[in-house]
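Participant: Only the shape, not the letters, is given here:
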């Protein structure tokens, strides 16, 4: 099974992750924050669909094993590292308190909207979504059937999400997430094959305009759009701005083709996603708060705080990869162990 990475997809994930970081900063101008919220999570889900390839695996068990090692285990481990640092090392009293117990439970069940939520809701629901879609894709097979399921998941997911406020592993968002991931899967051939600049510029222009128009209309209707908070606004505005905006960003990524900083962010998006809001964005804000001469320059303060957060995230990412490499290499170790056991059993 090839693990070769595609530059423009890493680059696009980097842009999506940068949107998340900017969106989580309290210094971000409101109009930028609102437009980012239209696109950044749908884009992440669609990109996950672009690299989803269930036919590489000869069984659901094999697929689930791979996703557990590459997504679920690292997510839990990254959360545990922060928990041990914050609730054991910095605040040891928390570790043995009710808050510490709730934090540990939250790392396992990630129940959004309750005291049993810790961090990284997206990773948990993406893991569950990909397991479900493996079964759906293998069962339905035909693109026409998969397209119908995508529409069903989108409409039903919107209704469920609009009438709930969280669940274990964010399963209340599973159908909505499935519609975006499956859309990415269905668009895979087109996404990889469109390379001419006129086509890419056309997608950027059309997608960007539709994103701006329908995002604006949705902001008028609901003021604030957030998948985390189940705040979708108008269904059609939400889908059109999210999907067309995502396509525009993907086309822009293909035009750039190679941008080392964004590709680095994309390749390390799981670590960055885990710690950006918990540690490095607040540190960036604290840093600029100490620079009194910037008090009358809010845009400059915002930009410097984001740069500070990105530098800190890069340093933190490299430290985690160096000190805790087993978090990201467990797939190779476990895969070899499982194969060895299979061979021994066969002999």
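Facilitator: Thanks, I have the structure now. Remember, predicted model here, so these are calculated numbers, not experimental data. Numbering: from 1, shown residues only.

Participant: Quick one: find the helix or strand in this structure with the lowest mean pLDDT.
Facilitator: helix 326-346 (a mean of 54; mean pLDDT, DSSP states H and E).

Participant: quick one: the most centrally placed residue in the chain from residue 226, how far?
Facilitator: Centroid-nearest residue in the chain, with CA atoms, centre = their mean: residue 44, separated by 4.8 Å. Computed as CB to CB, to the nearest Å, the residue 44 to residue 226 distance reads 14 Å. Just so you know, the C-beta spots here come from the backbone N, C-alpha and C atoms, and that holds for glycine as well.

Participant: Over to residue 90?
Facilitator: Distance of residue 90 to residue 226, computed by CB to CB: 29 Å.

Participant: what does residue 235 give?
Facilitator: 15 Å.

Participant: My read is that residue 264 contacts residue 314, right?
Facilitator: Yes - using CB atoms under 8 Å, residue 264 is in contact with residue 314, at 7.3 Å.

Participant: More neighbours: these two, which one.
Facilitator: Set side by side, residue 264 and residue 314 show more neighbours around residue 264, with 19 against 16, by other CB atoms under 10 Å.

Participant: Name the helix or strand for the more buried one, please.
Facilitator: Per DSSP states H and E: residue 264 is located in helix 260-267.

Participant: can you list contacts of that helix?
Facilitator: When contacts are defined by CB atoms under 8 Å, 6 or more residues apart in numbering, helix 260-267 is touched by residues 5, 7, 9-18, 256, 272, 310, 314.

Participant: Now do stretch 43-60: everything it contacts.
Facilitator: 1, 6, 9, 12-13, 15-16, 19, 63, 66, 122, 126, 129-131, 133-135, 137-138, 177, 180-188, 191, 242-243, 245-246, 249-250.

Participant: ugh, wrong one, I meant stretch 140-152
Facilitator: Contact partners of stretch 140-152, identified using CB under 8 Å, 6+ apart, comprise 136-137, 178-179, 182-183, 185-186.

Participant: closest to residue 159 among those?
Facilitator: Nearest to residue 159 among the contacts of stretch 140-152, counting by CB to CB, is residue 179 at 12.1 Å.

Participant: circling back: give me the distance between the helix holding residue 264 and the centre of its chain.
Facilitator: 14 Å (CA atoms, centre = their mean, to the nearest Å).

Participant: what do you get for stretch 101-118?
Facilitator: Chain-centre distance of stretch 101-118: 19 Å, with CA atoms, centre = their mean.

Participant: in that stretch, what's buried?
Facilitator: Neighbour-count burial for stretch 101-118, with 16 or more other CB atoms under 10 Å as criterion, is recorded at 103-107, 110-113, 116-118.

Participant: Give me the subset of these that lies in helices.
Facilitator: 103-107 (DSSP state H).

Participant: Export the residues you listed to JSON lines and append columns for distance to residue 83.
Facilitator: Shown next, in JSON lines, are those (distance: CB to CB, whole Å):
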{"residue": "103", "distance to residue 83": "6"}
{"residue": "104", "distance to residue 83": "7"}
{"residue": "105", "distance to residue 83": "11"}
{"residue": "106", "distance to residue 83": "9"}
{"residue": "107", "distance to residue 83": "6"}
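
Participant: Where does the prediction get shaky in this structure?
Facilitator: For the chain, the stretches with pLDDT under 70 are 1-3, 330-347.
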